[in-house]
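Chemist: Coordinates for the following, if possible.
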Amino acid sequence: MPRAFTDTERDAIRGRLLAAGQDLFARRGIRATTVEQLARTAGISKGSFYFFYPSKEALFFAIVEDVETAMQARLEEEVAEAPQDAIRLLLRASLQAREENPLFDVATSEEALGVMRTMSPDEQAAFLRRDIEMTEAIAAHLAAAGVTLTATPEVLAGLLRAMVFVGMHREDIGAGMAPAVEDFLVDALSAALSGGDARHAGRPAAQSRAGGAS
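Modeler: Residues are numbered from 1 along each chain as shown. Just a heads-up that it's a prediction; the model follows:
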């Protein structure tokens, strides 16, 4: 049987497992990554792995949750610092999610979706609820700063997910066309979500930020 660990050892090992998982899952995917590989990389036995997580899939979703929690904290901080630019910031962050997170492709793959289908309905609902909790918190920050959203947190969460997929498919849109498409979407959605004037939504982002003089 695996030996008992002290609290300090448990915290250290859990950290190593999260780091090992982030690296291995990003490089190999979920199916090709084994519990033995994860345990060996973290410096523990295969048997000890199950003291921390019931399966490699559970570790994977724990990592995704950690990454999302860190991203949420960063976005909330940036929103609090610049509430007037918050909507544009959120949309841009969604477009760039793939570049910022090496686990992104795995987390949105059919493989990950298949694993998610094995979760209980309550677990699935809790996992999806995190996006809405983030947009609820951001809406509260905006309201405190006097910025009113024209969409519910649920709709905002859906729009941010949609922008993630736009960012994923830049190659399909076309390398030359994608930046202009993204600028248009960011400008148009920013105007719509803030109840602003969307007449100049198609202008380049640099002009929009500068005030977009006619």
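Chemist: Next, work out how far apart the closest residue to A82 other than its chain neighbours and E78 are.
Modeler: Distances taken as Cβ to Cβ, 6 or more residues apart in numbering place L89 nearest to A82, at 7.0 Å, with adjacent residues excluded. (C-beta placed from N, C-alpha, C; glycine too.) Distance, L89 to E78, by Cβ to Cβ, to the nearest Å: 6 Å.
Chemist: which residues of this structure fall in helices?
Modeler: In the chain, the helices defined using DSSP state H lie at 7-32, 35-42, 46-52, 56-81, 86-95, 97-100, 104-107, 110-116, 121-144, 153-168, 170-173, 178-194, 205-210.
Chemist: tilt between the fifth one and helix 178-194?
Modeler: Read it as helix 86-95. Here helix 86-95 points in a direction 140 degrees away from that of helix 178-194 (axes from the mean of the first three to the mean of the last three Cα atoms, to 10 degrees).
Chemist: what comes up buried for helix 86-95?
Modeler: Going by neighbour count (16 or more other Cβ atoms under 10 Å), the buried part of helix 86-95 is 86-95.
Chemist: with those residues in mind, which one is nearest to A140?
Modeler: A86 (11.6 Å; Cβ to Cβ).
Chemist: Please name the residues that touch that closest one.
Modeler: 78-79, 138, 141-142, 147 (Cβ atoms under 8 Å, 6 or more residues apart in numbering).
Chemist: Let's check: the centremost residue of the protein is which one?
Modeler: Centroid-nearest residue in the chain: E68, 4.8 Å away (criterion: Cα atoms, centre = their mean).
Chemist: Let me know how buried the residue nearest to it when sequence neighbours are not counted is, in neighbour terms.
Modeler: Leaving aside its sequence neighbours, E68 sits nearest to R130 (Cβ to Cβ, 6+ apart; 6.0 Å). Residues near R130, counting by other Cβ atoms under 10 Å, number 14.
Chemist: Could you do A32 as well?
Modeler: Neighbour count of A32, defined by other Cβ under 10 Å: 11.
Chemist: any idea how far it is from A70?
Modeler: 26 Å.
Chemist: give me every residue that touches H141.
Modeler: 76, 79-80, 83, 86.
Chemist: Between all of those residues, which two are at the greatest distance?
Modeler: E76 and P83 (11.0 Å).
Chemist: Where does the prediction get shaky in the chain?
Modeler: Applying pLDDT under 70 to the chain flags residues 1-3, 196-214.
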